[in-house]
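Peer 1: Give me a 3D structure for the following:
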Amino acid sequence: MKYHQINNSLFIKNRKNFASVMKQNSIAIFNSNDIYPISADSTMPFEQHRDILYLSGVDQEESVLMLFPDCPNENLREVLFLTETNDHIAVWEGEKLTKEAAFKTSGIKTVFWLQDLEKILFEMSSYADTFYINTNEHYRASVETETREDRFTKWLLEKYPAHSVAKSNPILQRLRSVKDQIELDLMQHACNITEKGFRRILNFIKPSVWEYEIEAELLHEFVRNRSKGFAYTPIIASGNNANVLHYIENNQECKAGDLILFDIAAEYANYKSDLSRTVPVSGKFSERQKSVYNAVNHVKKEATMLLVPGTLWKEYHVEVGDIMTSELLKLGLLDKADVQNENKNWPAYKKYFMHGTSHHIGLDTHDYGLLHEPMQANNVFTVEPGIYIPKEGFGIRLEDDVVIQEKGEPFNLMGNIPIEADEIEDIMQG
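Peer 2: Model (predicted):
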């Protein structure tokens, strides 16, 4: 891994929190992700399943974690299974975790090789009544591929049909949405890397540069700061490309007078950041562009102030919609008749701002979190309003990542990243 080793106190605490709400005499099982094939002998870069990572820190394929807090055999209350490493693997693939390294990473004392899993699980199952299985129940999930976790669950339920089954996901949704200080520090580090990349491209952008050249500059800066790279597929959308919300081709020339909408950010240690900025190719906004830019920035500031403990997700978005409607009226994009005659299920402002304002962020860009429950301290949200005007050939989105505080306004993890229009212009023209 490129990142510095994470203090294992985080994973010890995470397991303790999970175990504290498990049913009596139950075992929770978590699998790593597969390495996914492309074709021939090519594979996708490995990405660890966030749940086993959250609970153990193990960032390696073919790993299994089992938690059994009530096990009469104290040595089997926390168990890791890893692929046995050897000299051959070390030469061809690089070092894998030894049992000693796994303990240092996770704080788990009992580590077996994967070949012993069925034997050890049989002993553990004889003491247990319930298995916690791990299913993906994120509200945005759309999974067609059968995962390693899915295959294991099928095998487990066929092998042990008399055991009860419970779900680990609702527990993890609640736990993972509230960040530990170690997690916040890792996310701040990811945001700091993102800042370095953004400042780099402000001095690089000029008319006739290509979107992919900007992408290359960002990737260079991210990787040289120990990131794997982009936290998600980057959007570098000049001109009217900005009005395609998930434009990822990044293959067009940036032209004088146009704006470039960026939705780009770095990851660090698997924790994500998520940044949107919009900048002028020529280094200076037109009067109209700046008016729309400042309107979006105003909505962002007002929306941020609403992110406090107790806020309800649906009500928050209604309030932000009202703020956006007011700005669109001032810009002449809407008139009073548009608002009076609007469909309440698709308000008038949605013509120019059609996506949500905020989502949880953490180990996943769209992280776990229970949207029907009130917001609470140490939830981390994006704030990302936008105005998109195809007829005028530009779109503007601004986004920061903020931490809800016990009292007062949220803490902005991206507070050092330039956002005011005048500051953007000063840097680009400096």
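Peer 1: Which parts of the stretch 101-250 of the chain are helices?
Peer 2: Under the criterion DSSP state H, counting those that start in this stretch, helices of the stretch 101-250 of the chain are mapped to 117-127, 148-159, 169-177, 181-202, 211-223.
Peer 1: a markdown table for the ones you listed, including mean neighbour count, distance to V402 and mean pLDDT?
Peer 2: Where C-beta positions appear, they are placed from N, C-alpha and C, glycine not excepted. What follows is those, written out as a markdown table (neighbours: other CB atoms under 10 Å; distance: least, CB to CB, whole Å; pLDDT from 0 to 100):
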| stretch | mean neighbour count | distance to V402 | mean pLDDT |
| --- | --- | --- | --- |
| helix 117-127 | 14 | 42 | 97 |
| helix 148-159 | 15 | 32 | 97 |
| helix 169-177 | 19 | 14 | 97 |
| helix 181-202 | 21 | 11 | 98 |
| helix 211-223 | 19 | 21 | 98 |
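Peer 1: Number of residues surrounding M44?
Peer 2: Using other CB atoms under 10 Å, M44 has 11 other residues around it.
Peer 1: which one of the helices of the stretch 101-250 of the chain lies closest to D364?
Peer 2: Between D364 and these, the shortest gap by CB to CB is with helix 169-177, which sits at 8.7 Å.
Peer 1: still on that earlier bit, could you dump the helices of the stretch 101-250 of the chain to TSV with distance to Y352?
Peer 2: Listed next are the helices of the stretch 101-250 of the chain as TSV, based on distance: least, CB to CB, whole Å:
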stretch	distance to Y352
helix 117-127	54
helix 148-159	41
helix 169-177	30
helix 181-202	25
helix 211-223	23
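Peer 1: Below-threshold pLDDT in the protein: ranges please.
Peer 2: Where the chain drops to pLDDT under 70, the residues are 87-94.
Peer 1: element containing the most far-flung residue of it relative to its centre, please.
Peer 2: Relative to the centre of the chain, and counting by CA atoms, centre = their mean, the farthest-placed residue is A337 at 39.3 Å. Per DSSP states H and E, A337 falls inside helix 336-340.
Peer 1: now I52
Peer 2: Using DSSP H and E, I52 falls in helix 50-56.
Peer 1: Just checking the distance from that helix to the centre of its chain.
Peer 2: 14 Å (CA atoms, centre = their mean, to the nearest Å).
Peer 1: which other residues reach that helix?
Peer 2: Residues outside helix 50-56 that contact it (CB atoms under 8 Å, 6 or more residues apart in numbering): 11, 14-15, 18, 30-32, 58-59, 63-65, 67, 80, 105-106, 108, 134, 168, 172, 175-176, 270, 363-364.
Peer 1: any idea how far Q289 is from S282?
Peer 2: Q289 sits 11 Å away from S282, going by CB to CB, to the nearest Å.
Peer 1: Sorry, wrong one. I was asking about Q181.
Peer 2: Going from Q181 to S282 by CB to CB gives 43 Å.
Peer 1: Surely G283 is within a strand?
Peer 2: No. Going by DSSP: H, G, I helix; E, B strand; the rest coil, the assignment for G283 is coil, not a strand.
Peer 1: Thought V402 was touching L184, still the case?
Peer 2: No. In this structure, L184 is not within contact of V402 by CB atoms under 8 Å, at 11.2 Å.
Peer 1: That's all I had, so thanks and see you.
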